[in-house]
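Asker: Turn this into a model:
(one chain, ligands or ions: 1)
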Amino acid sequence: MARRRQLYEGKAKILFEGPEPGTLVQYFKDDATAFNAQKKGTITGKGVLNNRISEFLMQRLAEIGVPTHFVRRLNMREQLIREVEIIPIEVVVRNIAAGSLATRLGIVEGTRLPRSIVEYYYKNDALNDPMVSEEHISAFGWASAQDMDDIVHMTLRINDFLTGLFLGVGISLVDFKVEFGRLWEGEEMRIVLADEISPDNCRLWDTKTNEKMDKDRFRRDLGKVEEAYQEVAKRLGILPEAGVRDLKGPEMMQ
Ligand code: UDP
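Answerer: Now for the predicted structure:
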């Protein structure tokens, strides 16, 4: 079967044209980047695990009423999604100080924050994704005040729900990044959760040992990166039965 037309290639995923208008196929690669792509590598099996983990988390979120772009998983590395217009803002939520917050404000990594903190970053690789405020977002027209209301509301629900879900399997949700998109249905527009939720864009620490189970293992050369992603999937009860190595290579949908 002819390969579908590639529309976009990002650092960790590729988007292909979907089988019908308004859909896309999201393909998860094993490529990993950090520090705005200055560090590059491969984490074997990461794409398979992130595809499955993101499917699982988006399904659970849909069940509690958070609208998402996810339709269904097609195979080990691909999922069918609704085509959305991505809002160029990375929304970060933090529960425990880590990463750039710890560095920038001089807070010891691991300090529990007095309340969850939401931050926004403008999605622009050339500018190194600068942090912005709601003022910039509305002044430059990246999202309206109404859009931001929906986004903050959904983000806080996502944080509450995922914090509980991970806690149930012995994992602390330290922080994470989400992206949203505009889904057009005729003249109607609604904002939905897009992109992915996986150990690539969450900080996940074992609740007992504080061991890192996320991309920081790659960023900071801690080793056992693959194993950490597998452990997250295992604890969520979703490790792919066939294992993570899809030796057949990418399989396109029927
Ligand atoms: N994050 C992400 N993509 C980015 C930047 C951050 O997914 O381009 C996630 C990151 O994995 C972490 C959270 O957002 O879970 C907060 O990241 P931080 O600002 O601390 O930046 P970092 O230390 O990763 O550079």
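
Asker: right, and the helix or strand after the helix or strand hosting residue 218?
Answerer: Using DSSP states H and E, residue 218 sits in helix 216-219. Toward the C-terminus, helix 216-219 is succeeded by helix 225-235 as the next helix or strand (DSSP H and E).

Asker: Quick check: which helices or strands does that following helix pack against?
Answerer: With contacts taken as 3 or more C-beta pairs under 8 Å, 6 or more residues apart in numbering; DSSP states H and E, helix 225-235 sits against helix 46-63, helix 216-219. All C-beta spots, glycine's among them, are computed from the backbone N, C-alpha and C.

Asker: Quick check: which of those is nearest to the ligand?
Answerer: Smallest distance to the ligand across the helices and strands packed on helix 225-235 (C-beta to the nearest ligand atom): 6.7 Å, for helix 216-219.

Asker: Quick check: the gap between the residue lying closest to residue 220 once chain neighbours are set aside and residue 57.
Answerer: Distance criterion C-beta to C-beta, 6 or more residues apart in numbering; nearest residue to residue 220, sequence neighbours excluded, is residue 212 at 8.0 Å. Remark: distance between residue 212 and residue 57 (C-beta to C-beta, to the nearest Å) = 19 Å.

Asker: Settle it for me: which of the two has more neighbours?
Answerer: residue 57 (24 against 21; other C-beta atoms under 10 Å).

Asker: Who are the contact partners of residue 173?
Answerer: 95, 159, 162, 163, 166, 167, 202, 203, 204 (C-beta atoms under 8 Å, 6 or more residues apart in numbering).

Asker: residue boundaries of the strands in the stretch 151-254 of the chain?
Answerer: 171-185, 188-194, 202-206 (DSSP state E, counting those that start in this stretch).

Asker: ok, whichever residue of the stretch 1-150 of the chain sits closest to the ligand - contacts?
Answerer: Using C-beta to the nearest ligand atom, the single residue of the stretch 1-150 of the chain nearest to the ligand is residue 99, 2.2 Å away. By C-beta under 8 Å, 6+ apart, the contact list for residue 99 reads 109, 175, 203, 216.

Asker: mind running it again at 7 Å?
Answerer: With contacts defined as C-beta atoms under 7 Å, 6 or more residues apart in numbering, residue 99 is in contact with 175, 203.

Asker: Residue 16 - that's part of a strand, no?
Answerer: Yes - with DSSP: H, G, I helix; E, B strand; the rest coil as the criterion, residue 16 is part of a strand.

Asker: All good on my end, thank you.
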